[in-house]
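Trainee: Here you go, sequence then predicted model.
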2 protein chains.
Amino acid sequence: MAEGTRAKPGLEDVVAGESAITLVAGETGGLAYRGFDIAELARSAPYEGVVHLLLYGESPEPEALRATREALGARRELPLALRRAADALPAELPPLDALRSLLSAMSGRAFAYPPTPDQGLELVAKAPALLARTVRRRRGEPPVASDRALGHVANYLYLLTGHRPAERQVRALETYFILLADHGMNASTFALRVVLSTNADLLSGAVAAIAALKGPLHGGAPSKVSDMLDAVGTAGEAQAWVDAALARRERLMGFGHRAYKTEDPRARLLKGVAATTADPARFALAEEVERVALLALARARPGQRLYTNVEFWGAVVLEAAGLERELFTPTFALARTAGWSAHALEQAADNRLIRPDVAYTGPEVGRRWKGGEATGA
Amino acid sequence: MAEGTRAKPGLEDVVAGESAITLVAGETGGLAYRGFDIAELARSAPYEGVVHLLLYGESPEPEALRATREALGARRELPLALRRAADALPAELPPLDALRSLLSAMSGRAFAYPPTPDQGLELVAKAPALLARTVRRRRGEPPVASDRALGHVANYLYLLTGHRPAERQVRALETYFILLADHGMNASTFALRVVLSTNADLLSGAVAAIAALKGPLHGGAPSKVSDMLDAVGTAGEAQAWVDAALARRERLMGFGHRAYKTEDPRARLLKGVAATTADPARFALAEEVERVALLALARARPGQRLYTNVEFWGAVVLEAAGLERELFTPTFALARTAGWSAHALEQAADNRLIRPDVAYTGPEVGRRWKGGEATGA
């Protein structure tokens, strides 16, 4: 115990290390991967290029991009043992837990510590196939084989539905994948780095990251935005609904983020995607809910600087891409496999076991045991 | 980013919070759960009593202890869906990964956030059955059903072997379970608390904890102590072997612990267990390796204060209990399910999202993307 040191609950403002991957500029609303503003990436890069950028640290020349696309495409097939494990999971297991269980079961020599970019490609490539297989099984549908002609995001939609997705849906979802590919030291990435710091492998880190993502305070809430929009009903009812919710002291879904004291740049970009791909009535509803919610929150919680976060417009984009709500958080996890892999590589490159201290506040030592006696029987 | 704040790699000496569960007194070599010195617990308490102490915060009266024993016994049976999932895991999956995959697949409504003591009992009770089932399957042996007449630790050995274990082996392993049941804010427990801080469930936390335990810097190395003892061969060869290993700048397994600047109290207690239960020649070998290693380390690394750690005598005790080496770390995980559950309860009781800051050291923002162009195909 470090006596006399004040506890830092939540480790807020504690600088746990250095990272050259992602800049989250919370005060100004900026976000950049390896120096590339996410607006630039959303406009110009394919997801495979962002994967390359995150894993190798550099934006790819066209030939390198082709190689990364090829490598991802070639790694999508699931070995028989993994397909069998996927098909024997409890039928009622939620998709995010199924994905976590299967990544855990994919462990083996190919993922031995230390992590490598190839391992990152393997994780990024196989995760959508694992998820889609269990989702189709839950629906009672036979699995679909990957199509090498399709890009990473298009193939994910194909694996889910069994038909070629519309170009508009693919680009909407691809922008989502790009914008969600990394976000610095959030709870899931931090869990991964804690795990990697014990010299555990990349898959172990990804499993821990998905475990953290399951919590509604981190990744587990985006589908509640869709539920909220349904509950509001139409744009005309937004004002009354929001006022009533705040009067009941309910939390509005999709507003506020610990890292941002201004608009979340991902929300703004996803809103642009939603404007061109979502059902117009749904977009109008979401836009009106956002407008009245921001005004109402500024009045009700002055000084808290609550802005639209990534979950709000992310939910509308995921709907527009045709995804069911139970796939929102698992799809977030798929996008983030790229960032997790990059953080695993960075952690392993200059490792130190992450093991904070804790202040003991329990009873004094020296109590005598009076419970039942010792026995081995 | 908290500018001007120095990074704390590894979060060493950063007090991440308060805990009333376990006091780790690293300078004086003390360890106590809720005020009970572990020497007192190892002498007087059954493992089920320690589970009760950790989960409920109090040592049980005899009736409460009976109830906890009953509850653990009643929860050992695995539902059909979980047995099926266990029997369909990839055959070559190591036992620790298998346990992690199955705990991940056990997820469901019964484990909804927030964690409860009942959920802790469920985790503690089912984990040995899940592990033993996959271990027997790897060996090509049929599963064994739990025996309600047996205590928690005796039943674990029974599930592994199919016959009633000797009393001496049970008490040796039970002492190991008691001594390993918790250890404050180590890497696995910290990973669990990061995961719980997102309001994710107890099983998600346990999955992340096992992921962290997989790393050799935390839980993944105890079997290497046995390998080292084999390599030394006999007590008479210990001095020459240790000298040669240090001359080759190899690390001796089972010495040094970040938390302790003196003898690890668990090592001392486990040595006592080993003295009465291990094969006498094996004990003599281990004792001689310890003696010459401590002298050699004090000479070779003066000032580092390297002492025997829990892995050294833990390995000898696990051998004496009849466990194969690949079960050493998984058995550590079983013992620790009690502590993990206690930490999950404590984290949820006064939660704050754990999300440290990070100092960005990457390229300046504003780079133009020249990699391949955007495409959804």
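Mentor: That came through, no problem.
Trainee: rest of the way, CA atoms for contacts and neighbours
Mentor: Fine.
Trainee: and A:Y113, how many neighbours does it have?
Mentor: A total of 17 residues lie near A:Y113 under the criterion other Cα atoms under 10 Å in any protein chain shown.
Trainee: in which helix or strand would I find it?
Mentor: A:Y113 belongs to no helix or strand when assigned by DSSP states H and E.
Trainee: Repeat that for A:V358.
Mentor: Using DSSP H and E, A:V358 falls in strand A:357-360.
Trainee: can you tell me if that strand touches chain B.
Mentor: Yes. Strand A:357-360 is in contact with chain B by Cα under 8 Å from any Cα of the partner chain, via A:D357, A:V358, A:A359, A:Y360.
Trainee: ok, now which ones touch the closest residue in space to A:F332 that isn't next to it in sequence?
Mentor: The shortest distance from A:F332 to any residue other than its chain neighbours is 6.7 Å, reached at A:L180 (Cα to Cα, 6 or more residues apart in numbering or on different chains). Neighbour list for A:L180: A:F332, A:A335, A:R336 [criterion: Cα atoms under 8 Å, 6 or more residues apart in numbering or on different chains].
Trainee: hmm, try it at 10 Å
Mentor: The contact partners of A:L180, by Cα atoms under 10 Å, 6 or more residues apart in numbering or on different chains, come to A:38, A:174, A:266, A:310, A:314, A:331-339.
Trainee: Please apply the same query to A:K214.
Mentor: A:96-97, A:188, A:208, A:220-221, A:329-330, A:333, B:195-196, B:198-201, B:204.
Trainee: Try it again at 8 Å.
Mentor: Contact analysis of A:K214 by Cα under 8 Å, 6+ apart lists A:L96, A:G220, A:T329, B:T198, B:N199, B:A200, B:S204.
Trainee: Would you list the phi and psi of it?
Mentor: Here is the backbone geometry of A:K214 (degrees, to the nearest 10): phi -70, psi -20.
Trainee: Would you mind measuring from it to B:T198?
Mentor: Relative to B:T198, A:K214 is positioned 8 Å away (Cα to Cα, to the nearest Å).
Trainee: now, which of the contacts of A:L180 lie within strands?
Mentor: Secondary structure from DSSP state E places none of the contacts of A:L180 in strands.
Trainee: Kindly reformat these as JSON lines containing neighbour count and pLDDT.
Mentor: What follows is the contacts of A:L180, written out as JSON lines (neighbours: other Cα atoms under 10 Å in any protein chain shown; pLDDT from 0 to 100):
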{"residue": "A:I38", "neighbour count": "26", "pLDDT": "97"}
{"residue": "A:E174", "neighbour count": "26", "pLDDT": "98"}
{"residue": "A:R266", "neighbour count": "26", "pLDDT": "97"}
{"residue": "A:V310", "neighbour count": "25", "pLDDT": "94"}
{"residue": "A:G314", "neighbour count": "30", "pLDDT": "97"}
{"residue": "A:T331", "neighbour count": "23", "pLDDT": "98"}
{"residue": "A:F332", "neighbour count": "24", "pLDDT": "97"}
{"residue": "A:A333", "neighbour count": "29", "pLDDT": "98"}
{"residue": "A:L334", "neighbour count": "24", "pLDDT": "98"}
{"residue": "A:A335", "neighbour count": "26", "pLDDT": "98"}
{"residue": "A:R336", "neighbour count": "26", "pLDDT": "98"}
{"residue": "A:T337", "neighbour count": "26", "pLDDT": "98"}
{"residue": "A:A338", "neighbour count": "29", "pLDDT": "98"}
{"residue": "A:G339", "neighbour count": "28", "pLDDT": "98"}
